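Asker: Sequence first, then the predicted structure:
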Amino acid sequence: MSEQDPIVVRCTPELTYRYAAGRYGSRFLRGLKEGRILASRCRRCPRTLVPPRIACTGCFGRMEEVVEVPPRGELLAYTQVTFPFLDPFTGVKRPIPYCYGMVRFEGTDNTFQYFLAEKNPANLRVGQRVRAVFREERKGEMADLVCLEAAE
């Protein structure tokens, strides 16, 4: 080995971390654990946003009321993902292809983006009714919401 040969060190780093979801995010995750979708409602303007947040995106007022909304909604946009990807909620490689959509839950004023049960975009349409599918054994994490599937 000469001085110009690179030194190679092979190791698998362990990157453990904890993420604080915050007061509103924690309430949302507790709702998922109970099989509920929670949103925040603004008292200054008629806006309800999911997941809950502290400030209204319409009037910038403080949003202190957290309400449950139906686990059903309307598909507003969707795409099919065909490249390998680590699921940020589980850290496990997500099987491809899969579809991802923007949904407006009933009684809310914004979109919620999440995984769709349908893998073929030919079977999806804008305006389609969808519903939340929850894991049977829930832990209070985003993965408790498995996907959104056709409700029709």
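Answerer: Looks like it arrived, so ask away.
Asker: Is it correct that residue 131 is in contact with residue 74?
Answerer: No. Using Cβ atoms under 8 Å, residue 131 is not in contact with residue 74, being 10.8 Å away. To be clear about C-beta, it is placed using only N, CA and C from the backbone, and glycine gets the same treatment.
Asker: Could you point out which residue ranges in the protein have low pLDDT?
Answerer: For the chain, the stretches flagged by pLDDT under 70 are 1-2.
Asker: After the helix or strand residue 100 falls within, heading C-terminal, what element do we hit next?
Answerer: Assigned by DSSP states H and E, residue 100 belongs to strand 98-105. Using DSSP H and E, the next helix or strand after strand 98-105 towards the C-terminus is strand 112-116.
Asker: And that next one, what does it pack against?
Answerer: The contact analysis (3 or more Cβ pairs under 8 Å, 6 or more residues apart in numbering; DSSP states H and E) places strand 112-116 against strand 72-81, strand 98-105, strand 145-150.
Asker: quick one: which of these is nearest residue 20?
Answerer: strand 145-150 (19.8 Å; Cβ to Cβ).
Asker: Could I get the buried residue list for the closest one?
Answerer: 145, 147, 148 (16 or more other Cβ atoms under 10 Å).
Asker: was I right about the first one contacting residue 116?
Answerer: No. With contacts counted by Cβ under 8 Å, residue 145 stays clear of residue 116, the gap being 11.7 Å.
Asker: Thanks a lot, catch you later.
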